[in-house]
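Student: Fold the stuff below for me.
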Amino acid sequence: EHGQKIQRKAEEKGVTPQQYVDEIVAGIKELWKKLDISYDDFIRTTEQRHKQVVEKIFARLLEQGDIYLDEYEGWYCTPCESFYTERQLVEGNCPDCGRPVEKVKEQSYFFRMSKYVDRLLAFYEENPQFIQPESRKNEMINNFIKPGLEDLAVSRTTFDWGIPVPEDP
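Tutor: Alright, predicted model coming up:
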């Protein structure tokens, strides 16, 4: 329910991001009702209870040194909500949807995924059925983990529709 795409779509429609996602959620709930799909608890990322948990987890990871502040520079596709390197682009466009991408440079907090390479490899070896089918497991291991798992940007500073970073300097 958060992100640049939501913020932009809401602006296009002349409503707040919260109003925009409320309309979407109402449609989803109505569809699920028609399909006779039930749920015990419909959790939304815009709910206060979700925000509080995210803030606690973020603070703990920051305290442990698993999150750090740095600068991100790359190509961003708003519709796909994905970042790409120059070499991943197809004729300068998003490799997934083919739309134009934007050059983005901003301060971000990063999750230190690189710290967990050995643990992930050991886990997948000890639990070979964890990722299915095997071709996907091999893809993850050979294309993402072994070549050097990159740290993941977990915050954005170029828009404000999201959960604020607690005590951001």
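
Student: next structured bit after the helix or strand bottoming out on mean pLDDT in the chain?
Tutor: One helix or strand of the chain scores below all others by mean pLDDT, DSSP states H and E: strand 82-84, with a mean of 86. Going down the chain from strand 82-84, the next helix or strand is strand 102-111, by DSSP states H and E.

Student: List the buried residues for that next one?
Tutor: Residues of strand 102-111 classed as buried under the neighbour-count rule (16 or more other Cβ atoms under 10 Å) are 104, 108-111. Yep, even glycine has a C-beta here, placed from its N, CA and C like the rest.

Student: Same question for stretch 53-62.
Tutor: Neighbour counts over stretch 53-62 (16+ other Cβ under 10 Å) mark 54, 58, 61-62 as buried.

Student: Show me where the protein has its strands.
Tutor: Counting by DSSP state E, the chain has strands at residues 67-77, 82-84, 102-111, 152-153.

Student: wait, which of these is closest to residue 34?
Tutor: Of all these, strand 82-84 sits nearest to residue 34, with 31.2 Å by Cβ to Cβ.

Student: okay, now residue 70: neighbour count?
Tutor: 10 (other Cβ atoms under 10 Å).

Student: Wait, it touches residue 108, no?
Tutor: Yes. If you go by Cβ atoms under 8 Å, residue 70 and residue 108 touch, sitting 6.7 Å apart.

Student: So residue 89 versus residue 82, what's the distance?
Tutor: 11 Å (Cβ to Cβ, to the nearest Å).

Student: what distance separates the longest helix along the chain from the centre of its chain?
Tutor: In the chain, with assignment by DSSP state H, the single longest helix is helix 17-34. Chain-centre distance of helix 17-34: 21 Å, with Cα atoms, centre = their mean, to the nearest Å.

Student: Who are the packing partners of that helix?
Tutor: Of the remaining helices and strands, those touching helix 17-34 by 3 or more Cβ pairs under 8 Å, 6 or more residues apart in numbering; DSSP states H and E are helix 4-13.

Student: Include pLDDT and distance to residue 158 when you put the buried residues of stretch 53-62 into TSV, please.
Tutor: Listed next are the buried residues of stretch 53-62 as TSV, based on pLDDT from 0 to 100; distance: Cβ to Cβ, whole Å:
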residue	pLDDT	distance to residue 158
54	94	19
58	94	19
61	96	22
62	94	21
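
Student: That concludes my questions; thank you for your assistance.
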